[in-house]
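Peer 1: what follows is a predicted protein model with its sequence.
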Amino acid sequence: MSVSLIEVENLRKRYGDTVALAGLDLSVEAGSVTAVLGPNGAGKTTAVRILATLLAPDSGRATVAGHDVVTEPGAVRERIAVTGQYAALDDRLTGAENLVLFGRLDGLDRRAAKAQASELLDRFDLGGGAARLVGTYSGGMRRRLDLAATLVVHRDVVFLDEPSTGLDPRGRTGLWEVISTLHADGITVVLTTQYLEEADRLADRVAIVAHGRLVAEGTPAEIKARAGGQRIEVVVSDPAAFQHAASALAVLANGAVDVDPANRRLSLPAPDGLDNLSSVVSALRTASIAADLVLRHPSLDDAFMALTAQVPDSSSEQPGTPVEGRR
């Protein structure tokens, strides 16, 4: 039976005339990786800051490990670690010195802090940079060290606010490996991200937020299923044949064809998979139209765009608005 470690109920926060959170509800299971997705300004960082006791909500309630973030902030802080969008490191210290400093600030004695620093440097593949000044680190190394610093003392919950922002593909992959290790160790991870591939790869559950409200939640597979079934994508080779191809495929799909003339791309539903693909190939061959085709399942990107496209602004919020996937 799953146990919720974080509970958020009707959380609201406003900055002047700007509504950051408009009644956010969220539940995070212990030991899970939960990815919080949303457009810029959706309220993701505001929610994390409230859960980390760095910001007070205007109303609503949030608990972490059974402790209220407003009335018991000290108890919450003893259970959490937070990594923000920018690494909180001292460039004038070495990697090892940074970790020892964080350990000392967290109450460890010098010997314990050094031992923990050494272990974390090895675990995060930073042993080679232990004696180097952090100012000489690459972006990926800084990110890994920043995450290591949050774990000098064990915490039940780790909040990662867009941790891979600015990393190159190799650095991002290394960070993903670290997050997977945290998950394997039973640590609850709440991850906000702009990279949908990141959420798809790492998360047990995905929460999509728009205009300060939860609009959908579920496993990545459940979220993707809401974007519809399989689709066939066609890229027409000859621009002059594009309209002819669009007309031919519209007959097959009863008009349900998405048209992208700029990229010579056509997309149509394929509920019967390969049978539909065969029909499309036949129609194009009959019309002597050359094209590249692919049959694909909906991606998390498709679901994200579909679920956030029609979400009303918070100013038009209606009480009792249903949330897809809420259980």
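Peer 2: Structure received.
Peer 1: ok, Arg110 - contacts?
Peer 2: Contact analysis of Arg110 by CB atoms under 8 Å, 6 or more residues apart in numbering lists 100, 104. For glycine as for every other residue, the C-beta is placed from the backbone atoms N, C-alpha and C.
Peer 1: all numbers from here: first residue = 414
Peer 2: Happy to do that; since the first residue is 414 now, the last one works out to Arg523.
Peer 1: list phi and psi for it.
Peer 2: Backbone torsions for Arg523, taken as degrees, to the nearest 10, come to phi -60, psi -40.
Peer 1: now Leu506
Peer 2: Per degrees, to the nearest 10, the backbone of Leu506 is at phi -110, psi 160.
Peer 1: the one helix or strand Ala659 maps to - what's its average pLDDT?
Peer 2: Here Ala659 is covered by helix 655-665, with elements defined by DSSP states H and E. Helix 655-665 carries an average pLDDT of 91.
Peer 1: ok, stretch 561-579 next?
Peer 2: Mean pLDDT, stretch 561-579: 86.
Peer 1: tell me how far it lies from the chain's centre.
Peer 2: From the chain centre to the centre of stretch 561-579 is a distance of 14 Å (CA atoms, centre = their mean, to the nearest Å).
Peer 1: ends of it, what's the gap?
Peer 2: Taking CA to CA, to the nearest Å, stretch 561-579 runs 18 Å from one end to the other.
Peer 1: cool, and stretch 424-432?
Peer 2: Termini of stretch 424-432 sit 11 Å apart (CA to CA).
Peer 1: again with stretch 572-579
Peer 2: Stretch 572-579 has its terminal residues 18 Å apart, counting by CA to CA.
Peer 1: contact partners of that stretch?
Peer 2: With contacts defined as CB under 8 Å, 6+ apart, stretch 572-579 is touched by 457-458, 461, 464-465, 493-498, 552, 556, 559-560, 584-585, 588-589, 592, 602-608, 611.
Peer 1: buried stuff in the next helix or strand along the chain from the helix holding Ala659?
Peer 2: Sequence order places strand 671-673 as the next helix or strand after helix 655-665, per DSSP H and E. Across strand 671-673, burial judged by 16 or more other CB atoms under 10 Å covers Val672.
Peer 1: quick one: distance of the following helix or strand past strand 671-673 to the chain centre.
Peer 2: Using DSSP H and E, the helix or strand that directly follows strand 671-673 along the chain is strand 678-682. In terms of CA atoms, centre = their mean, the centre of strand 678-682 is set 27 Å apart from its chain centre.
Peer 1: now strand 678-682: average pLDDT?
Peer 2: 90.
Peer 1: in its sheet, what does it sit against?
Peer 2: Strand 678-682 pairs in its sheet with strand 644-649 (antiparallel), strand 671-673 (antiparallel), by DSSP bridges.
Peer 1: need the residues that contact the last one.
Peer 2: Read that as strand 671-673. Residues outside strand 671-673 that contact it (CB under 8 Å, 6+ apart): 659, 679-681.
Peer 1: off-centre distance for it?
Peer 2: Counting by CA atoms, centre = their mean, strand 671-673 is centred 28 Å from the centre of its parent chain.
Peer 1: what's the mean pLDDT across it?
Peer 2: Strand 671-673 shows a mean pLDDT of 90.
Peer 1: and what of stretch 599-607?
Peer 2: Here the average pLDDT along stretch 599-607 is 92.
Peer 1: would you map the strands across the stretch 564-713 of the chain?
Peer 2: Assigned by DSSP state E, counting those that start in this stretch, the strands in the stretch 564-713 of the chain fall at 570-574, 601-605, 618-623, 626-631, 644-649, 671-673, 678-682, 704-709.
Peer 1: tell me how far the nearest residue to Thr605 once chain neighbours are set aside lies from Tyr428.
Peer 2: In space, Thr605 comes closest to Lys457 once its chain neighbours are excluded; the distance is 4.2 Å by CB to CB, 6 or more residues apart in numbering. For Lys457, the distance to Tyr428 equals 15 Å [CB to CB, to the nearest Å].
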